[in-house]
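>>> Could you work out the structure for the sequence below:
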Amino acid sequence: MNWAILEGLKRRVSGMVGAWVDELPSILWEMRMTPMSASGESPFSLAFGTEAVLPPEMVFLTLRTITFEQGDSEEGLQANLDLLEERRAEAHLRTLSYKKAMARIYNRKVCPWSIKARDLILWKNEVRDPTQVRGKLAPNWEGPYRVYDVVREGTY
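This next block holds a predicted model:
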């Protein structure tokens, strides 16, 4: 998330010192309103059940703002809130499908490697002791260790 905020600020500010303070709210608004590629929904719509009226739509009238009626709007908002859990569940399923497709693409490029005796390996700390609480500066790997014997695949 921080990377996306910084990239948005770089695109908008580009050289103007101190101007990022004025641009930050619009960057955050953009991130909340833009549909995410994984879920197909914007974070705002998943939280409140409806799409927001953007500030330019209030200045430059659109069909949506011209045909607005308070009574119809309240009924539509209530209907959207009733269907909110269903929309969230569908977005969750789309996100899982997206992650599965990305894993398939990534795993297509992975080359399998068999570990043999006398190979040097690293031990992932989280696998060794999953209950241990470590800070973000703690090492992720421990080792190297030398494999002396292969008992069976996955056991050394």
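>>> Let me see the ranges of the strands in the chain.
The residue ranges that make up the strands of the chain, judged by DSSP state E, are 120-124, 141-146.
>>> Direction included, what does the longest one pair against?
Okay, so that is strand 141-146. In the sheet containing strand 141-146, the strands it pairs with under DSSP bridges are strand 120-124 (antiparallel).
>>> burial count for residue 37?
The number of residues packed near residue 37 is 9, by other Cβ atoms under 10 Å. Any C-beta I mention is one placed from the backbone N, CA and C, and that applies to glycine too.
>>> I should have written residue 45 there, sorry.
Count around residue 45 with other Cβ under 10 Å applied: 21.
>>> Contacts only, for it.
35, 51, 87 (Cβ atoms under 8 Å, 6 or more residues apart in numbering).
>>> Going by contacts, tell me the helices and strands next to the helix of greatest length in the chain.
What stands out as the longest helix in the chain, according to DSSP state H, is helix 84-108. Counting by 3 or more Cβ pairs under 8 Å, 6 or more residues apart in numbering; DSSP states H and E, the packing neighbours recorded for helix 84-108 are helix 43-48.
>>> Run the chain-centre distance for the helix it packs on.
Per Cα atoms, centre = their mean, to the nearest Å, the displacement of helix 43-48 from the mean C-alpha position of its chain is 14 Å.
>>> for it, which positions count as buried?
Neighbour counts using 16 or more other Cβ atoms under 10 Å place 44, 45, 46 of helix 43-48 among the buried residues.
>>> Can you give me the domain boundaries for the chain?
Per automatic domain parsing, the domain ranges recorded for the chain read 20-108, 115-156.
>>> quick one: the helices in the protein?
For the chain, the helices identified by DSSP H occupy 2-13, 20-33, 43-48, 55-59, 63-66, 70-82, 84-108, 125-128, in order along the chain.
>>> coming back round to it: want to throw the domains of the chain into CSV with distance to residue 1 and mean pLDDT?
Putting the domains of the chain into CSV (distance: least, Cβ to Cβ, whole Å; pLDDT from 0 to 100) gives the following:
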stretch, distance to residue 1, mean pLDDT
domain 20-108, 8, 83
domain 115-156, 16, 83
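>>> Let me know which of those is tucked in deepest.
Between the domains of the chain, the one whose residues have the most neighbours on average, counting mean count of other Cβ atoms under 10 Å, is domain 20-108 (a mean of 13).
>>> Any idea which of the domains of the chain gets closest to residue 12?
Judged by Cβ to Cβ, the one of these that comes nearest to residue 12 is domain 20-108, at 4.7 Å.
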